[in-house]
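What would the 3D arrangement of this be:
(one chain, ligands or ions: 2)
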Amino acid sequence: METFGNNPSLNLRFKWKRVEALTMSNDHLIMKLNEALGWELRAINMYAHYAAYIRGIHRMQLEPHFTSEANESMVHSNIVRSAIVKLGGVAVTERNPMPIEHVSSYTDMLAQSLITETKAAEVYGELMPMIEDAGDADLYDAIEQIYLAEVRSVEELGRLVE
Ligand SMILES: [Fe+2]
Ligand SMILES: [Fe+2]
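Ligands and ions are numbered 1, 2, ... in the order given. I've put the predicted structure just below:
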């Protein structure tokens, strides 16, 4: 009687299924990374815009704040894009389509920032278990750093808008 391990056709089928499952989870991961990339590309525009338009005494602190957030989003987008390339995916070139509100008061700018950072923290929070499943330790460390930065931003903005 043929044993399970010696049956070449069965082995082939199981191997094929495993490869298919890996490819499917990879596609899913690339899609989620692209979602994060879209939000980072949007954040670059939004923060650069607010850095340019912030007026009054708050400009002294918020112009550097918004500029550094725009730069941080650029750094994050580069890390996420490189991960997509490494996984063999195609990185998005368009930002997330959620409109960037042109507002003039600093409280509105901070409220918009909080919405954006909350969304980013949510997407990276969804990415973490997916990367854990994929078993890529380097990617996990890189994305975890971004995730923690977004969570810190949410907490800090929460205090600023109080
Ligand atoms: Fe970010
Ligand atoms: Fe952020």
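
which parts of the protein sit against ligand 1?
Counting by Cβ under 5 Å from the ion, the chain comes close to ligand 1 at 73, 76. Every C-beta, even on glycine, is put in place using the N, C-alpha and C of the backbone.

Swap in 8 Å and give it another go.
Residues of the chain lying close to ligand 1 (Cβ under 8 Å from the ion) are 36, 39-40, 43, 72-73, 75-77, 117, 120, 124, 146, 149-150, 153.

residues near Glu117, how many?
23 (other Cβ atoms under 10 Å).

and it, what element?
Using DSSP states H and E, Glu117 falls within helix 106-134.

about what we covered before: filter the residues of the chain next to ligand 1 to the buried ones?
Among the residues of the chain next to ligand 1, those scoring as buried are 36, 39-40, 43, 72-73, 76-77, 117, 120, 124, 146, 149-150, 153 (criterion: 16 or more other Cβ atoms under 10 Å).

Run through those residues and flag the ones next to ligand 2.
Restricting these to those within reach of ligand 2 (Cβ under 8 Å from the ion) leaves 40, 43, 72-73, 76, 117, 120, 149-150, 153.

In helices only, show me these.
Counting by DSSP state H, the part of those found in helices is 40, 43, 72-73, 76, 117, 120, 149-150, 153.

In CSV: these, plus pLDDT.
Listed next are those as CSV, based on pLDDT from 0 to 100:
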residue, pLDDT
Glu40, 98
Ala43, 98
Glu72, 98
Ser73, 98
His76, 98
Glu117, 98
Ala120, 98
Ala149, 98
Glu150, 98
Ser153, 97
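
nearest to Ile100, of those?
Ala43 (9.4 Å; Cβ to Cβ).

give the contact list for the spatially closest residue to the closest one that is not a sequence neighbour.
Nearest-residue entry for Ala43: Ser73, 3.9 Å, with adjacent residues in sequence omitted and distances by Cβ to Cβ, 6 or more residues apart in numbering. Going by Cβ atoms under 8 Å, 6 or more residues apart in numbering, Ser73 touches 40-41, 43-44, 47.
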